[in-house]
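K.L.:
3D, please:
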Amino acid sequence: MTPALPRTLIHTCAVLLCAVSLAVTLHAGLAQRGVALAFGALVVLGELARWTGTDRVREAAPLGAAGALSYALLGENAGRPTGHGTAQVVTVVLTASLLGSVPHLARGQGPTHDDLARRVLTAGFAAACFQPLYNRGVFDGWIGPAYALLLLALLTLTALCDAVLAAALAHARTGWPFGPLLRDELRAMPGVSSAVCATGAVIALAVAVAGLWALPVFCVPLLLTQVSLRRYAAVRATYRQTIASLARATEIAGYTPAGHARRVAALSRAVGRDLGLTGPELTVLEYAALMHDIGQLSLVDPVPAGATAALPAAEQRRIALLGGAVVRQTGGSPQVAEIVERQADPCAEQPLAARIVRVVNAYEEKARDAGPGGPLTALEELRLATAGEYAPEVVEALARVLSRDGLTLPVSG
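P.N.:
Got it, this is the predicted structure:
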């Protein structure tokens, strides 16, 4: 199965669901327009507050997601049955999401087709699980804690569905293995996803008792969460820019070729993804790969072309220890510093991230000036190296990553 096939299938399902829902809603009319408009406005507000930074976050519009889920699981409004169905839920969520995205689209920062497909399909899934059964009276005997647990169970299933969709779309977009992507999504569920699900359930329960006045009260916590998310993403982006600037110091000083650190970081991240590292582990790996040559700034004479892989082991370890010291002195993460320090240790004693940086750095140095056959020649040299010099599982993961890219290197510079 090609990576693009799941994405095409997901988009096709979303388009069909939207088309059928719009047709049904236009034919039957909008039930309880006040309720539909109130929840639509909540989704619009969530989309207007969407995070549009360069860093991809798992849920960029948590308030919009919670509003969509709460409307999908809404049974009563101030004690009166609502009566809207799955088609109306999808129609309201789709229309509100598009309206809230207009300002972002005008700036060229709107949600992608993947984001809209996920939002529509997850809301449709939740509504399809709840609305038909509720409208038939199946849940009439469910009251109090039992009804709340029912909503939480349905939201948990919806969150699992969303995790599968997100992993499949990421697999199609990046070509990374589906298994590690799905594990990342499942591990992220206790974070923002749990807040979205809990808020969705609370809003649905509160509106059932207090009416639409509960909407502005219970959306405030997620608005504050969204503000915190934006600040966190901004801090993370600033930190990464600082790391990238420090990494370029060796290039500006003439110790390493232009773009070397960036290429090693990109390839290390891809190899780490193939080996199943989690999102936070990949971030630490990327930062360490960017900084892996920073210790060369302490050398009196630059290493020719910055090629440390050919140096004696003792000299490699000295440069690595100097690099780790620089990372610590500049306020870098202790985990990043440890990987930088241990990239020249014996293979059996290294953590996985350090093994990856060691292999990828050696590959990039060997393949850089070897001509058209450089990638294949470099891989063969890594495979035939002295036992224990390079981790075999990392070399094979590198080979898999390169084979998916046609055994090519990133563009220099």
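K.L.:
hey, let's count contacts and neighbours off CA atoms from now on
P.N.:
Will do.
K.L.:
Spell out, range by range, the helices that occur in the stretch 51-200 of the chain.
P.N.:
Counting by DSSP state H, counting those that start in this stretch, the stretch 51-200 of the chain has helices at residues 62-72, 86-106, 113-135, 145-174, 178-188, 194-210.
K.L.:
For the last one, buried residues please.
P.N.:
Going back to what we said before, that points to helix 194-210. Under the neighbour-count criterion of 16 or more other Cα atoms under 10 Å, helix 194-210 has 195-208 buried.
K.L.:
Give me the residues contacting it.
P.N.:
62-63, 65-71, 73-80, 148, 151-152, 155-156, 159, 213-215, 218-219, 222 (Cα atoms under 8 Å, 6 or more residues apart in numbering).
K.L.:
how about G276, secondary structure?
P.N.:
Following DSSP: H, G, I helix; E, B strand; the rest coil, we place G276 in the coil state.
K.L.:
For it, grab phi and psi.
P.N.:
Phi and psi for G276, reported as degrees, to the nearest 10, are phi 90, psi 20.
K.L.:
got the contact list for it?
P.N.:
When contacts are counted by Cα under 8 Å, 6+ apart, G276 touches 179-180.
K.L.:
and if you look at the one 10 residues further on?
P.N.:
Neighbouring residues of E286 by Cα under 8 Å, 6+ apart: 265-266, 268-269.
K.L.:
chain center to the lengthiest helix in the chain: distance?
P.N.:
Looking across the chain with DSSP state H, the single longest helix is helix 214-247. Mean C-alpha position of helix 214-247 versus that of the full chain (Cα atoms, centre = their mean, to the nearest Å) differs by 14 Å.
K.L.:
same check, this time on stretch 365-384
P.N.:
So, by Cα atoms, centre = their mean, the centroid of stretch 365-384 is 32 Å from its chain's centroid.
K.L.:
That one: end-to-end distance?
P.N.:
One end of stretch 365-384 sits 16 Å from the other (Cα to Cα, to the nearest Å).
K.L.:
Tell me the buried residues in that stretch?
P.N.:
By neighbour count on 16+ other Cα under 10 Å, the buried set for stretch 365-384 is 365-368, 374-379, 382-383.
K.L.:
Then stretch 381-395?
P.N.:
Residues of stretch 381-395 classed as buried by neighbour count (16+ other Cα under 10 Å): 382-383, 389-392, 394-395.
K.L.:
Equivalent analysis for stretch 161-178, please.
P.N.:
Under the neighbour-count criterion of 16+ other Cα under 10 Å, stretch 161-178 has 161-172, 175-178 buried.
K.L.:
So which of the contacts of E286 wins on neighbours?
P.N.:
When neighbours are taken as other Cα atoms under 10 Å, the top entry among the contacts of E286 is S268 (30 neighbours).
K.L.:
re earlier: buried ones only from the contacts of helix 194-210, please, as a PyMOL command.
P.N.:
Of the contacts of helix 194-210, the buried ones go into a single PyMOL selection, burial set by 16+ other Cα under 10 Å:
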select buried, resi 62+63+65+66+67+68+69+70+71+73+74+75+76+77+78+151+152+155+156+159+214+215+218+219+222
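K.L.:
Would you mind listing the buried residues in stretch 97-109?
P.N.:
Across stretch 97-109, burial judged by 16+ other Cα under 10 Å covers 97-102, 104, 109.
K.L.:
any idea which of those is the one closest to D345?
P.N.:
Nearest to D345 among the buried residues of stretch 97-109: Q109, at 44.3 Å, using Cα to Cα.
K.L.:
Just the pLDDT for that closest one.
P.N.:
The score at Q109 is 68. That number is its pLDDT.
K.L.:
circling back to that earlier point, out of the buried residues of stretch 365-384, what pair is the most spread apart?
P.N.:
Maximum pairwise distance among these (Cα to Cα): 17.3 Å, between R368 and R383.
K.L.:
Let me know the pLDDT of A247.
P.N.:
pLDDT, A247: 77.
K.L.:
try the one 4 residues further on
P.N.:
If you check E251, the pLDDT there is 77.
K.L.:
do the same with V90
P.N.:
Looking at V90, its pLDDT is 93.
K.L.:
Spatially nearest residue to it (excluding sequence neighbours)?
P.N.:
Nearest residue to V90, sequence neighbours excluded (Cα to Cα, 6 or more residues apart in numbering): G124, at 5.7 Å.
K.L.:
contacting residues around the one you found?
P.N.:
Contacts of G124 by Cα under 8 Å, 6+ apart are 17, 72, 86-87, 89-90.
K.L.:
What of Y239?
P.N.:
By Cα under 8 Å, 6+ apart, Y239 lies in contact with nothing.
K.L.:
cool, I243 as well?
P.N.:
287, 290-291.
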